[in-house]
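**Q** no sequence for this one, just the structure:
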Ligand code: PEP
């Protein structure tokens, strides 16, 4: 079976009840081929319940982060228990903003991925290089290091519920999108890495999303690439462009 195209919307720290109403109403009114396209939106944690209660069932809802403990004295953290209680089935982990601003290491990210999977959640695990790393020809080394940390703590069967998002840091929120070829090159390297270090089946089945300044203008070209299995969208997920991007696939 082919890999189902996935379009994720990461709202980051942007929301209000009014914005939730607008964005979810727009999505509820939109149509896409659900046999071929999966849509996942990740609002800020305080709005997860509202989004889940308003969104139609074809829209999956995701947290932007979780902690690797069930409960207790971890002020400000988000538990997988909260997500399960609210009917939230996905979480993003290892976003570059978590890695950079909140200093989450490869190991912490990997621990969170393993924990989330053990709790029955599906995970969008983000990897990607900074500009200076790309300029120093370190892209593959950085991405492989981030993947290796995750692979070390997972069993091959865990990968069924993992989606990898390749998000070059220099392309996030900058308007500087990777070219279709630049993205395809790294996606192909990630797939080869999975083949060599996990298994042929995991390499074939794992969806690899591209993220970084995807817009309604560039999504059609990007999605033609053989190893691009969807997108993780930041800024454009807060606009009507998100629906245009979803439907560039159909
Ligand atoms: C992101 O935050 O994951 C992202 C890709 O942001 P943007 O689309 O705004 O570059």
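**A** Nice, thanks for sending it over. Treat the numbers as computed from the prediction; the structure is a model and nothing was measured.

**Q** What sits closest to the residue in the chain that the ligand sits nearest to if chain neighbours are left out?
**A** Across the chain, the shortest distance to the ligand (Cβ to the nearest ligand atom) belongs to residue 234, at 2.1 Å. The way it works is simple: take the backbone N, C-alpha and C, and place the C-beta from them, glycine included. What sits nearest to residue 234 in space, not counting adjacent residues and going by Cβ to Cβ, 6 or more residues apart in numbering, is residue 10, at 5.1 Å.

**Q** confidence score at that neighbour?
**A** pLDDT for residue 10: 98.

**Q** who's in contact with it?
**A** For residue 10, the contacting residues are 42, 64, 92, 95, 211, 232, 233, 234, 237, by Cβ atoms under 8 Å, 6 or more residues apart in numbering.

**Q** and if we set it to 7 Å?
**A** 42, 64, 92, 232, 233, 234, 237 (Cβ atoms under 7 Å, 6 or more residues apart in numbering).

**Q** Dump those residues to TSV, plus secondary structure.
**A** Listed next are these as TSV, based on DSSP: H, G, I helix; E, B strand; the rest coil:
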residue	secondary structure
42	strand
64	coil
92	strand
232	strand
233	strand
234	coil
237	helix
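
**Q** can you list those residues in a markdown table and add neighbour count and pLDDT?
**A** Putting the contacts of residue 10 into a markdown table (neighbours: other Cβ atoms under 10 Å; pLDDT from 0 to 100) gives the following:
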| residue | neighbour count | pLDDT |
| --- | --- | --- |
| 42 | 27 | 99 |
| 64 | 21 | 98 |
| 92 | 24 | 99 |
| 232 | 27 | 98 |
| 233 | 27 | 98 |
| 234 | 22 | 98 |
| 237 | 25 | 98 |
